[in-house]
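Q: dropping a prediction and its sequence here:
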Amino acid sequence: MRKTAFLFVILITVIVSFAGINNTNNSYKSIINNDDSLKICPVSGEKIQVGKGIVFKYLGKDYTFCCPDCLEEFKSEPMNYIKEVLYCPVMNEPAEKELFTMYNDTKYYFCCKPCKKKFLKEPEKYLNNDNS
């Protein structure tokens, strides 16, 4: 019984100690959770200071690269570096890596061959649609 009470007191002491650290060390917590002064290059993984690097807009989202070579690598196969699912601009379904076309220096992916054909006939129709 004494052993259990002793362990309980130690456990409470440890919990209170950690709670105190979290409450008194807010600057450390903000550095971990809110460090907006650095970006990460999606190709190389290198850290980039805000305001530095090369910004490229792809499908409405800005991506920051550490160098021109990484930007070119990204442009050649964006799906390798984007963590989100890319959607077909025609049907708004998840796109396949193998079904793509280049239009105005941008690589677009599609869910099926018929969507790719539709896009190629009237690309502006689908690009002005909010599905991409």
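A: Structure received.
Q: residues making contact with stretch 92-102?
A: Applying C-beta atoms under 8 Å, 6 or more residues apart in numbering, the external contacts of stretch 92-102 come out as 79, 85-88, 107-113, 115-116, 119-120, 131. C-beta here means a position set from N, CA and C on the backbone, and glycine is covered the same way.
Q: what pairs with the one helix or strand Y108 maps to, parallel or antiparallel?
A: Y108 is part of strand 106-110, with elements assigned from DSSP states H and E. Applying DSSP bridges, strand 106-110 is found paired with strand 96-103 (antiparallel).
Q: pLDDT of the strand it pairs with, averaged?
A: Averaging pLDDT along strand 96-103 gives 95.
Q: low-confidence stretches in the protein?
A: Low-confidence segments of the chain (pLDDT under 70): 1-37, 129-132.
Q: would you mind giving the domain segments of it?
A: For the chain, automatic domain parsing gives the domain ranges 1-35, 36-81, 85-132.
Q: count of neighbours near C88?
A: Residues near C88, counting by other C-beta atoms under 10 Å, number 23.
Q: grab the nearest non-local neighbour of it.
A: Distances taken as C-beta to C-beta, 6 or more residues apart in numbering place C111 nearest to C88, at 3.9 Å, with adjacent residues excluded.
Q: backbone phi and psi for the one you found, please?
A: In terms of degrees, to the nearest 10, the main-chain angles of C111 are phi -90, psi -20.
Q: and for P68?
A: Main-chain torsions, P68, degrees, to the nearest 10: phi -60, psi -30.
Q: give me every residue that touches the closest residue to it other than its chain neighbours.
A: Among residues not flanking P68 along the chain, I54 sits closest, at 6.5 Å (C-beta to C-beta, 6+ apart). Shown in contact with I54 (C-beta under 8 Å, 6+ apart): 64-68, 70-71.
Q: and I54, how far from D62?
A: Distance of I54 to D62, computed by C-beta to C-beta, to the nearest Å: 11 Å.
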